[in-house]
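Engineer: okay, sequence plus prediction incoming.
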Amino acid sequence: MQVQYPKHRWSDRFLLLDLLEGLKTTFRELFKPKVTIRYPEERLEPADRFRGMFRFSYDRCIACKLCAIACPIDIIYIDVHDETREVDGKSKKIKVLDRYDIDVKRCMFCSLCEEACPTKPKSIWLTTKTYELATYDRNDLYFNMQELEYWDERPKYTGLPEDESLTRIADERKLIGEAPRPSTLDPRP
Ligand code: SF4
Ligand code: SF4
């Protein structure tokens, strides 16, 4: 089927009606409240049901492995051993957690692990509202149980020192075969 385009009138060429139609939309949007924010200076609070970075509680965990079984892509690695301990004057056999690792770089944040966890409150949960997981190395997204438990106390990223940042940009330009710009190497007068 051949597409039929409307014929241009001679007056359109002089009156620029299409341009004015576009500008009408621009001016209408200009005075509406903005939905964008100046990240990272400003941050939006995620919704209550937002699934973000994991948190884990070693004290609550009973080492049942149900979360690892529920995970559809098998990225939770748990090792346990049995120990006999004295509980309330009775000798009891309990499971002790040796390893609890999550390969978060492969995670799809489906929360099935959290749903499967039988403890109350949950020993693993994703409702931390933490979404800033960007890293330069994918392997940094493999977390052990200490990192999962003390995520909030991790050293905060403070940005590269100015000189280091400039050298890195110059190196990247060299890698892609682009000549380093004098302003990139030393922007100071
Ligand atoms: S949220 Fe991640 S770790 Fe948990 S079950 Fe889903 S894919 Fe597995
Ligand atoms: S986090 Fe929950 S489901 Fe996973 S091993 Fe611990 S108690 Fe079991």
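Structural biologist: That came through, no problem. Ligands and ions are numbered 1, 2, ... in the order given.
Engineer: what does the chain have sitting close to ligand 2?
Structural biologist: Residues of the chain found near ligand 2 (CB under 6 Å from any ligand atom) are 61-67, 78, 116-117, 119, 123-124. All C-beta atoms are positioned from the backbone trio N, CA, C, and that covers glycine.
Engineer: CSV for these, including secondary structure?
Structural biologist: Output for the residues of the chain next to ligand 2, formatted as CSV (DSSP: H, G, I helix; E, B strand; the rest coil):
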residue, secondary structure
61, coil
62, coil
63, coil
64, coil
65, coil
66, helix
67, helix
78, strand
116, helix
117, coil
119, coil
123, coil
124, strand
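Engineer: turn those residues into TSV, including distance to residue 99.
Structural biologist: Output for those, formatted as TSV (distance: CB to CB, whole Å):
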residue	distance to residue 99
61	12
62	15
63	10
64	15
65	11
66	16
67	13
78	6
116	18
117	17
119	18
123	15
124	14
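Engineer: paired strands for the helix or strand where residue 85 lies, with orientation please.
Structural biologist: Residue 85 belongs to strand 76-87 when assigned by DSSP states H and E. In the sheet containing strand 76-87, its partner strands are strand 90-103 (antiparallel), by DSSP bridges.
Engineer: go through the strand it pairs with and flag the buried ones.
Structural biologist: For strand 90-103, the neighbour count (16 or more other CB atoms under 10 Å) marks 97, 100-103 as buried.
Engineer: mind giving me the domain split of the chain?
Structural biologist: Domain ranges of the chain: 55-149, 163-189, per automatic domain parsing.
Engineer: doesn't residue 42 lie inside a strand?
Structural biologist: No: counting by three-state DSSP, one finds residue 42 to be coil, located in no strand.
Engineer: near ligand 1 too, which of the buried residues of strand 90-103?
Structural biologist: Within the set of those, contact with ligand 1 (CB under 6 Å from any ligand atom) is found for residue 102.
Engineer: out of the buried residues of strand 90-103, which comes closest to ligand 1?
Structural biologist: Ligand 1 lies nearest to residue 102 out of these, by CB to the nearest ligand atom, at 5.7 Å.
Engineer: bridging residues for the closest one?
Structural biologist: Going by DSSP bridges, residue 102 forms beta bridges with residue 76, residue 143.
Engineer: check residue 97 too.
Structural biologist: For residue 97, the beta-bridge partners are residue 80 (DSSP bridges).
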